[in-house]
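Trainee: Pasting a predicted model and its sequence here:
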Amino acid sequence: MKSFLRFFFAAAFSLIASNLLAGSLTVNLAPSAAVNAGAKWRVDGGTWKNSGATVNNLSNTTHAVDFKGVSGWLTPAATNAAITSGNTTSLTATYVQPASLKITLTPSSGQWRIDGGAWQTSGATLTSLTPGKHTVRY
């Protein structure tokens, strides 16, 4: 009986200690249209998780989080999550749809380019642009 109790207390102590030294990570993905299209996340190269899922028993350190590519959406950049013992770290990542730009010039013989890229003719459309500010030259 003494051996059993020693084993029991050792196992219980080990379980309690591992839970005290571990934390959790929850990642929420947006917008819902990207989630419905298959957006997912994973920690440390593990299995893909759905938005809102929580991974438990992560060590008290920094862990790599990356995101699954979804057709028609720009994937959020990979990031790191700092896990703190006994706590749940929460992250939110947002997928965005790419932008496009069409410029029509008068006179139509002119040319334009965006962010130092290739020169475009009047009426050309550039697609798959990251939303935000860009530099256009004529």
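Mentor: Here it is on my side, so go on. Numbering: from 1, shown residues only.

Trainee: Assign a three-state SS to Val35, would you?
Mentor: Judged by DSSP: H, G, I helix; E, B strand; the rest coil, the three-state class of Val35 is helix.

Trainee: List the contacts of it.
Mentor: Taking C-beta atoms under 8 Å, 6 or more residues apart in numbering as the criterion, Val35 is in contact with 29, 50-51. Every residue, glycine included, has its C-beta placed from N, CA and C.

Trainee: Is Ala82 in contact with Val65, as I believe?
Mentor: No - if you go by C-beta atoms under 8 Å, Ala82 and Val65 don't touch, sitting 10.8 Å apart.

Trainee: Looking at the two now, which is surrounded by more residues?
Mentor: For Ala82 versus Val65, the count of surrounding residues by other C-beta atoms under 10 Å is larger for Val65: 21 against 12.

Trainee: distance of that one from Gly86?
Mentor: The gap separating Val65 from Gly86 is 20 Å, by C-beta to C-beta, to the nearest Å.

Trainee: How many residues are close by the closest residue to Ser108 other than its chain neighbours?
Mentor: Spatial nearest neighbour of Ser108, chain neighbours left out: Ser122 (4.2 Å); criterion: C-beta to C-beta, 6 or more residues apart in numbering. Other residues near Ser122 come to 15 when the count uses other C-beta under 10 Å.

Trainee: got a list of what Ser122 touches?
Mentor: Residues touching Ser122, when contacts are defined by C-beta under 8 Å, 6+ apart, comprise 103-106, 108-112.

Trainee: how far away is it from Ala99?
Mentor: Computed as C-beta to C-beta, the Ser122 to Ala99 distance reads 20 Å.

Trainee: Check Trp119 too.
Mentor: From Trp119 across to Ala99, the span is 20 Å (C-beta to C-beta).

Trainee: the more surrounded of the two?
Mentor: Residue environment comparison for Trp119 versus Ala99 gives the larger neighbour count to Ala99, 14 against 11, counting by other C-beta under 10 Å.

Trainee: what's across from that one in the sheet?
Mentor: Per DSSP bridges, residues listed as beta-bridge partners of Ala99: Leu129.

Trainee: residue contacts, it?
Mentor: Applying C-beta under 8 Å, 6+ apart, the residues near Ala99 are 129-131.
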